[in-house]
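>>> could you work out the structure for the sequence below:
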Amino acid sequence: MTANGPYWLPGSPPQPKSPWPRRVGMLVLVTLLAAASIVAGSLIGRSGVQLNEALEPVPPKPSASASDREWEEYVSGAALAALNRQSTALLGGDEQGWLALYDSDDADLVDRMTERYENLRALEVTNWTYELDGKADARAGGGTERAFDIDLIVGYCFGASDPAVCEPTDVVIPTEWEVTDAGLFITEVDESASNQAGPRPFEISDLAVKSGPRVLVAAPPQYENRLDQALEVAEAAAENADTYAHWDRVDRYVVFLAGEDEFAEWYGTGDIGPNVVGFALPLGTIDDNGDWKQTGIEVVMHVERLGNREEFESTMRHEFGHVVTLLGTGDVEPQPEDWFLNEGIAEYIDHGDQPVSNYPRLSNVQDYLSSIRWDGELVAPTSADDGLAGSGKYGLAYLAVRYMIDTYTIDKFYQFFEAVARDGEEAAASSETVFGESWPNILAKIEDYVKTTV
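This next block holds a predicted model:
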């Protein structure tokens, strides 16, 4: 994250509700599809648009007197079959096939889902998968007309060069369904919750998109005129960040340009401070072992707070530094050193090709240290910091990382960063293993280096 007074966003990325419902949803689909091979069916929504029954025939309905549990089993499987048709329609560019599952009597719902379709297509969606987070939950009705709540785990990839190997990023989206004599259809789609890092931009904003070889840049209509410049800056930042791809190569960088409203609404971050101009948000999925894994990092830039082009370029380079160094990490125990290792390497990726004397925050570090009695401790920024304190702390993080890289080589720093920031190991043990020195000794040397440098 970068800012005119940078701010460290603490905490691990949000996780889907549970790893277990995914397997339940998959199991229901498999078993019901096996049963459906006996009796083929089709679903017709209120719009009268018939879904493509050749893909996955729908199992027969229970009787009107069947229990809620029987109906929930049926609707769980039937919904997955219909959703898989819808996914195929989205990826194939079939707008009517995408809309066929929604209640056509609800003009607002249809308009919102039309916008979502257009957003996803513009974002070059290459993977769009559905699983159920649990089963359909009956909430109203009886006989053959019933209503259900279904939480959907949606997995997506944008602009993947090889969709077959892309690991989708998940988000749980609550939906409401009805089943009547006319068929099964969706009557409401809610926004993903803040504990899902939601809502995501494609859920609530009309987006314009520009695409380059390495980057997708999207913005709401009022910032569409910034897209050409943003893409040019982002492609250059991607070329720079790619040289630091020590772990996973980023398949495609994804950037969203935001204003005040979008910055407050997207991803459920809320008020993260008036000085923040950009952040990189890790997103992920639950793997087959039930562990959270980071599969994507989306970058948000506050275009109204960014100054000249130089600041725009620097912020983009910094945020892409987070993407290239944190992509693919798991759900590890946060360490106290995480903040300065993460922010320091991002600053290094932005400025490491320059002499330390040219680092633009040096004067901020000097002024900040002059305002406090610094004891060598690298204290994380907070939202209460003013611009000087925030920039000074980021400068200290850069100088700490710069010292370790210049003293021990970047390969040794990568080993240390992997152990502490990516794997959650303690700095004390990792320092002895990687550098052959105690961590307090290295921190003391960093303190001397900072005082000598500034």
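
>>> distance check, the residue nearest to the spatial centre of the chain against Gln366.
In the chain, the centroid-proximal residue (C-alpha atoms, centre = their mean) is Leu283; its distance is 3.3 Å. Noted for Leu283: a distance of 37 Å to Gln366, by C-beta to C-beta, to the nearest Å. Just so you know, the C-beta spots here come from the backbone N, C-alpha and C atoms, and that holds for glycine as well.

>>> could you do Phe263 as well?
For Phe263 relative to Gln366 (C-beta to C-beta), the value is 31 Å.

>>> mind checking which of those two has more residues around it?
The residue with more neighbours, out of Phe263 and Gln366, is Phe263; 24 against 15, by other C-beta atoms under 10 Å.

>>> nearest spatial neighbour of the more buried one, skipping sequence neighbours?
In this structure, Phe263 finds its nearest non-sequential neighbour in His302, 5.1 Å apart by C-beta to C-beta, 6 or more residues apart in numbering.

>>> roughly how far does the one you found sit from Glu191?
In this view, His302 and Glu191 are 21 Å apart by C-beta to C-beta.

>>> now the strands for the stretch 101-250 of the chain?
125-132, 137-142, 145-158, 169-180, 183-189, 208-211, 215-219 (DSSP state E, counting those that start in this stretch).

>>> output the contacting helices and strands for the fifth one.
Packing contacts for strand 183-189, counted by 3 or more C-beta pairs under 8 Å, 6 or more residues apart in numbering; DSSP states H and E, involve helix 68-91, helix 107-122, strand 169-180.

>>> what's near enough to touch Phe191?
I think there's a mix-up here, since residue 191 is Glu and not Phe. Counting by C-beta atoms under 8 Å, 6 or more residues apart in numbering, Glu191 makes contact with Ile173, Gly198, Pro199, Glu203, Ile204.

>>> inside helices: which ones of the residues you listed?
Glu203, Ile204 (DSSP state H).

>>> just name the closest of the contacts of Glu191 to Trp439, please.
Ranked by distance to Trp439 (C-beta to C-beta), those are led by Gly198 at 37.9 Å.

>>> in contact with the residue nearest to Val189 when sequence neighbours are not counted: list those residues for me.
Take Val189 and drop its neighbours on the chain: the residue closest to it by C-beta to C-beta, 6+ apart is Thr175, 5.3 Å away. Thr175 sits next to Asp149, Ile150, Asp151, Leu152, Ile186, Glu188, Val189, Asp190 when contact means C-beta under 8 Å, 6+ apart.

>>> I'd like to know which of these is nearest to Leu123.
Val189 (17.6 Å).

>>> doesn't Val110 make contact with the closest one?
No - with contacts counted by C-beta atoms under 8 Å, Val189 stays clear of Val110, the gap being 10.8 Å.

>>> tell me the secondary structure at the nearest residue to Asp248 once chain neighbours are set aside.
Excluding the flanking residues, the one nearest Asp248 by C-beta to C-beta, 6+ apart is Gly328, at 4.3 Å. Using DSSP: H, G, I helix; E, B strand; the rest coil, the three-state assignment for Gly328 comes out as coil.

>>> any chance of the contacts of Thr175 in JSON lines, plus distance to Tyr130?
Shown next, in JSON lines, are these (distance: C-beta to C-beta, whole Å):
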{"residue": "Asp149", "distance to Tyr130": "15"}
{"residue": "Ile150", "distance to Tyr130": "10"}
{"residue": "Asp151", "distance to Tyr130": "11"}
{"residue": "Leu152", "distance to Tyr130": "6"}
{"residue": "Ile186", "distance to Tyr130": "12"}
{"residue": "Glu188", "distance to Tyr130": "16"}
{"residue": "Val189", "distance to Tyr130": "12"}
{"residue": "Asp190", "distance to Tyr130": "15"}
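
>>> mind checking how far Leu341 is from Glu178?
Leu341 is 51 Å from Glu178, by C-beta to C-beta.

>>> give me the buried stretch members for stretch 403-414, please.
The neighbour-count check on stretch 403-414 (16 or more other C-beta atoms under 10 Å) flags Tyr403, Met404, Ile405, Tyr408, Ile410, Phe413, Tyr414 as buried.

>>> not counting its neighbours along the chain, what's nearest the second one?
Take Met404 and drop its neighbours on the chain: the residue closest to it by C-beta to C-beta, 6+ apart is Phe413, 5.0 Å away.

>>> what sits against the one you found?
Phe413 neighbours (C-beta under 8 Å, 6+ apart): Ile345, Val401, Met404, Ile405.

>>> which pair of the residues you listed spans the longest distance?
The two members of the contacts of Phe413 with the most space between them (C-beta to C-beta) are Ile345 and Met404, at 9.7 Å.

>>> with just CA atoms, put stretch 167-182 into PDB.
Extracted as PDB, the C-alpha positions of stretch 167-182 are listed here (Å, rounded to 0.1, in the frame of the first residue of the first chain):
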ATOM      1  CA  GLU A 167      -6.300 -21.100 -10.100                       C
ATOM      2  CA  PRO A 168      -9.500 -19.100  -9.700                       C
ATOM      3  CA  THR A 169     -10.100 -16.500  -7.000                       C
ATOM      4  CA  ASP A 170     -13.200 -17.200  -4.900                       C
ATOM      5  CA  VAL A 171     -15.900 -15.000  -3.500                       C
ATOM      6  CA  VAL A 172     -19.200 -16.100  -1.800                       C
ATOM      7  CA  ILE A 173     -22.300 -14.400  -3.300                       C
ATOM      8  CA  PRO A 174     -25.700 -14.800  -1.600                       C
ATOM      9  CA  THR A 175     -28.600 -15.500  -4.000                       C
ATOM     10  CA  GLU A 176     -32.400 -16.100  -3.700                       C
ATOM     11  CA  TRP A 177     -34.200 -18.600  -5.900                       C
ATOM     12  CA  GLU A 178     -37.700 -19.700  -6.600                       C
ATOM     13  CA  VAL A 179     -39.100 -22.900  -8.100                       C
ATOM     14  CA  THR A 180     -42.500 -22.900  -9.600                       C
ATOM     15  CA  ASP A 181     -44.400 -24.800 -12.300                       C
ATOM     16  CA  ALA A 182     -42.600 -22.500 -14.800                       C
END
